[in-house]
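Colleague: got a predicted model here, sequence first, then my questions.
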Amino acid sequence: MGTTIRSLTFVFGVEANFDWTSLNATGSGVFIPTVGTLQGSANTRWVTTVAGRFGVAFNQVLFYGKVGGGWVGNTATITNLNTGASISASNTRDGWLGGVGLEWAFTPNWST
């Protein structure tokens, strides 16, 4: 006895995400004689990804893989707590992303 596959479909597409964040960290400070107490802080302000998605769907199940890139916007600041003077730098970091997954359509318009 075998299993009958109703339909086999190859799928592909592109997905993109953009997220504002408030990932912040601030150190307690380091005292340096003749300079004062220096405190460092870092802030990740946003994260974004773009990926190609490809897979095979049959019945209500989709097996897929994806590959793409990701970017993150960071700011770092060093503040002299004695004088109030500060210096900041910002940059954008990038990297690759990849993954595999399984998606199941439990109704015609909803999947998990």
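Modeller: Yep, that arrived.

Colleague: tell me where the chain has strands.
Modeller: Secondary structure of the chain, counting by DSSP state E: strands at 8-26, 30-32, 36-58, 61-80, 86-107, 110-111.

Colleague: in contact with the residue nearest the centre of the chain, which residues?
Modeller: For the chain, the residue nearest the mean C-alpha position is residue 47 (5.1 Å; C-alpha atoms, centre = their mean). Residue 47 makes contact with 17, 18, 19, 21, 70, 71, 72, 73, according to C-beta atoms under 8 Å, 6 or more residues apart in numbering. The way it works is simple: take the backbone N, C-alpha and C, and place the C-beta from them, glycine included.

Colleague: what pLDDT does it get?
Modeller: Per-residue pLDDT puts residue 47 at 96.

Colleague: ok, it to residue 34 distance?
Modeller: 40 Å (C-beta to C-beta, to the nearest Å).

Colleague: please apply the same query to residue 109.
Modeller: Computed as C-beta to C-beta, the residue 109 to residue 34 distance reads 67 Å.

Colleague: repeat for residue 55
Modeller: 62 Å.

Colleague: neighbour count winner among those two?
Modeller: For residue 55 versus residue 34, the count of surrounding residues by other C-beta atoms under 10 Å is larger for residue 55: 19 against 4.

Colleague: any idea what the residue nearest to the more buried one when sequence neighbours are not counted is bridged to?
Modeller: Sequence neighbours aside, residue 64 is the residue nearest to residue 55 in space, at 3.0 Å (criterion: C-beta to C-beta, 6 or more residues apart in numbering). Counting by DSSP bridges, residue 64 is bridged to residue 55, residue 101.

Colleague: count of neighbours near residue 64?
Modeller: By other C-beta under 10 Å, 17 other residues sit near residue 64.

Colleague: same check, this time on the one 5 residues further on
Modeller: A count of nearby residues for residue 69, using other C-beta under 10 Å, gives 12.

Colleague: ok, it - contacts?
Modeller: 49, 50, 51, 94, 95, 96, 97.

Colleague: also residue 14?
Modeller: Residues counted as contacts of residue 14 (C-beta under 8 Å, 6+ apart) are 50, 51, 52, 53.

Colleague: who does the residue nearest to the centre of the chain bridge with?
Modeller: Listed beta-bridge partners, residue 47: residue 19, residue 72 (assigned using DSSP bridges).
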